[in-house]
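Participant: one predicted model, sequence on top.
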Amino acid sequence: MGHTSFPAKTDSARTGWCSRWGDYDIEVAIGYLLRSGVVLSAVIALCGACIYIFRHAHEPADYRIFRGEPSDFRTIPGIIASVLHGRGRGLIQLGLLLLIATPIARVALTVIGFALERDRLYITFTLIVLIVLLYSLIGSGLVF
Amino acid sequence: MTILTFTVLVAIVSFAAGLLGSLTGLGGGVVLVPLLTILFHVDIRYAIGASLVSVIATSSGAASAYVKEGFSNIRIGMFLEIATTVGALLGAYLAVWIPTAAIATIFGCTLLYSAYLSRRPRPPELRNLPPDPLATRLKLNGSFPDLDGKRSYNVQRVPAGFSLMFGAGALSGLLGIGSGAVKVLAMDQAMRIPFKVSTTTSNFMIGVTAAASAGVYLSRGYVDPGLSMPVMLGVLAGSLLGSRILVKAETKSLRLIFSLVILVLGLQMLYKGIWGRI
């Protein structure tokens, strides 16, 4: 990413930023996870965009009236089915779904990180956040 | 407007919003909802859905670049995310019952108050504050790389910050924004966390907060692929550029841009809310 010019990247700043190496290791792992998740979802959405624009480029775009998305684009089984049918918008939704999943995976990884540090207080805090996030996915009816 | 023109124009506007959102810690979403509704005549519900998705992209895209610079504080972020995610979930469920005009009015007032707070004259930056017993117990205090080596900070007023974060989460769920403005204020003003640590930790938290309500919005059919795609990709590119500028920019000019953006948006939201143009 070319951040070599920033003074913060020196080793002394790294060790000085947090008292233990554990926190920094968690952060680095999370950094990779977030970047991979975002890149992957962006690439998938871009592929979907190509199909979608190639097929519908000259149709009028109208978002004035709210109709709500069909179930193909608002449940996980619906999205997967439309991807399998080769639909561009299905592929975009899959990318967006992955994007939503990225912060959730980040929280899950943080639980593991704090478990390795044996920090019970922060394992508890992070688990609470993870439960709330999973509840929002299941409770909203997205999964079914 | 054809789908091709629409996609290209929305992508350009989103790029600009992503750049601004990343630079100020606002997350771009607050800029996007008014822009999409005013410039592109998009229904507010579609705008909210697209904005929420873009907010996650901004946060995750920028956070991956920030992490290595050592500004964000994972413990502060994680602890406060309990408040923001619960708030976001509540906000997303409440969004069905509260009229959007009322939400816009409340939000406009909040933004104006935030703008006032961020421009209020105050001592340069309170340093060497005494450690707060609760913050110490929660292991929230930290340090970050400064121009002259590392700088430590002691977090203050944890309950006040936590409550503000709950409000920030609820606003995020209600309006489909990252509510970075309120998050930064909670950390910067209430908890006395240095500005750069506040903005980067806020950026980090925004994605998790937005994810808590994004599932609800997606399953409600608010997330349109044709609209969300240019918004998400544009914002992502803009935010990545913004995250590179942040480290080099001065805190003072950042704050000025930050408060001006809040002021303009506050007036806009208030206007929309009172005249029912939302």
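Facilitator: Ah, there it is.
Participant: point out where chain A drops to low pLDDT.
Facilitator: Regions of chain A meeting the criterion pLDDT under 70 cover residues A:1-23, A:143-144.
Participant: let's see 80
Facilitator: A:1-31, A:65-67, A:139-144 (pLDDT under 80).
Participant: surely B:Lys150 is within a strand?
Facilitator: Yes - according to DSSP: H, G, I helix; E, B strand; the rest coil, B:Lys150 belongs to a strand.
Participant: pretty sure it sits against B:Gly142.
Facilitator: No - between B:Lys150 and B:Gly142 there is no contact under C-beta atoms under 8 Å: 9.8 Å. From N, CA and C alone the C-beta is placed, and that goes for glycine too.
Participant: looking at these two, which is more packed in?
Facilitator: B:Gly142 (26 against 16; other C-beta atoms under 10 Å in any protein chain shown).
Participant: for the more buried one, which non-adjacent residue is closest in space?
Facilitator: Spatial nearest neighbour of B:Gly142, excluding adjacent residues (C-beta to C-beta, 6 or more residues apart in numbering or on different chains): B:Asn73 at 4.8 Å.
Participant: show me the residues around the one you found that make contact.
Facilitator: Listed by C-beta atoms under 8 Å, 6 or more residues apart in numbering or on different chains, the contact partners of B:Asn73 are B:Leu140, B:Gly142, B:Phe144, B:Ile193, B:Val197, B:Thr201.
Participant: for B:Ile56, see how far away A:Ile51 is.
Facilitator: 23 Å (C-beta to C-beta, to the nearest Å).
Participant: so for the host helix or strand of B:Leu36, what gets flagged as buried?
Facilitator: Using DSSP states H and E, B:Leu36 maps to helix B:29-39. For helix B:29-39, burial by neighbour count (16 or more other C-beta atoms under 10 Å in any protein chain shown) applies to B:Gly29, B:Val30, B:Val31, B:Leu32, B:Val33, B:Pro34, B:Leu35, B:Leu36, B:Thr37.
Participant: which residues touch it?
Facilitator: With C-beta under 8 Å, 6+ apart as the criterion, helix B:29-39 contacts B:10, B:13-14, B:17, B:20-21, B:42-44, B:46-48, B:50-52, B:54-55, B:58, B:111, B:175-181, B:210, B:227, B:231, B:235, B:261, B:265, B:268-269, B:272, B:278.
Participant: 6 Å instead?
Facilitator: Outside helix B:29-39, the residues within contact range by C-beta atoms under 6 Å, 6 or more residues apart in numbering or on different chains are B:Val13, B:Ala17, B:Leu20, B:Val42, B:Ile44, B:Ala47, B:Ser51, B:Val55, B:Ile177, B:Gly178, B:Leu265, B:Gln268.
Participant: next secondary structure after it?
Facilitator: Going down the chain from helix B:29-39, the next helix or strand is helix B:44-66, by DSSP H and E.
Participant: report the next helix or strand after that following helix in sequence order.
Facilitator: helix B:74-94.
Participant: helices of chain A, residue ranges please.
Facilitator: A:11-17, A:21-56, A:76-84, A:88-117, A:120-139 (DSSP state H).
Participant: give the buried residues for the fourth one.
Facilitator: Think helix A:88-117. Within helix A:88-117, the residues scored as buried using 16+ other C-beta under 10 Å are A:88-111, A:113-114, A:117.
Participant: chain center to that helix, what's the gap?
Facilitator: Between the centre of helix A:88-117 and the centre of its chain there are 4 Å (C-alpha atoms, centre = their mean, to the nearest Å).
Participant: re earlier: what about the contacts of B:Asn73, which are in strands?
Facilitator: B:Gly142, B:Phe144 (DSSP state E).
Participant: what residue is smack in the middle of chain B?
Facilitator: B:Gly180 (2.0 Å; C-alpha atoms, centre = their mean).
Participant: quick one on the thing from earlier: out of the helices of chain A, deepest packed?
Facilitator: With neighbours taken as mean count of other C-beta atoms under 10 Å in any protein chain shown, the helices of chain A reach their highest mean count in helix A:88-117, at a mean of 22.
Participant: for it, packing partners?
Facilitator: helix A:21-56, helix A:76-84, helix A:120-139, helix B:44-66, helix B:195-220, helix B:225-246 (3 or more C-beta pairs under 6 Å, 6 or more residues apart in numbering or on different chains; DSSP states H and E).
Participant: pull the distance from the worst-scoring helix or strand of chain B on mean pLDDT to the chain's centre.
Facilitator: Ranked by mean pLDDT, DSSP states H and E, the helix or strand of chain B with the weakest confidence is helix B:100-119, at a mean of 73. Centroid displacement of helix B:100-119 relative to its chain, using C-alpha atoms, centre = their mean, is 14 Å.
Participant: contacts for it next, please.
Facilitator: B:44, B:174, B:181, B:185, B:189, B:259, B:262-263, B:265-266, B:269-270, B:272-273, B:276, B:278.
Participant: ok, of the residues you listed, which come out buried?
Facilitator: By 16+ other C-beta under 10 Å, these give B:44, B:174, B:181, B:185, B:189, B:259, B:262-263, B:265-266, B:269-270, B:272-273, B:278 as buried.
Participant: picking up where we left off before, between the contacts of helix B:29-39, which has the most around it?
Facilitator: The contacts of helix B:29-39, ranked by neighbours (other C-beta under 10 Å): first place B:Ser51, 35 neighbours.
Participant: what pLDDT does B:Ile48 get?
Facilitator: Listed pLDDT for B:Ile48 reads 85.
Participant: kindly report the same for B:Lys252.
Facilitator: pLDDT recorded at B:Lys252 is 64.
Participant: spell out which parts of the stretch 1-150 of chain B neighbour chain A.
Facilitator: Taking C-beta under 6 Å from any C-beta of the partner chain, the part of the stretch 1-150 of chain B that reaches chain A is made up of B:1-4, B:6, B:41-43, B:45-46, B:53, B:56, B:60-61, B:63-64, B:67, B:69-70, B:74, B:78-79, B:81-82, B:85-86, B:89, B:144-145, B:150.
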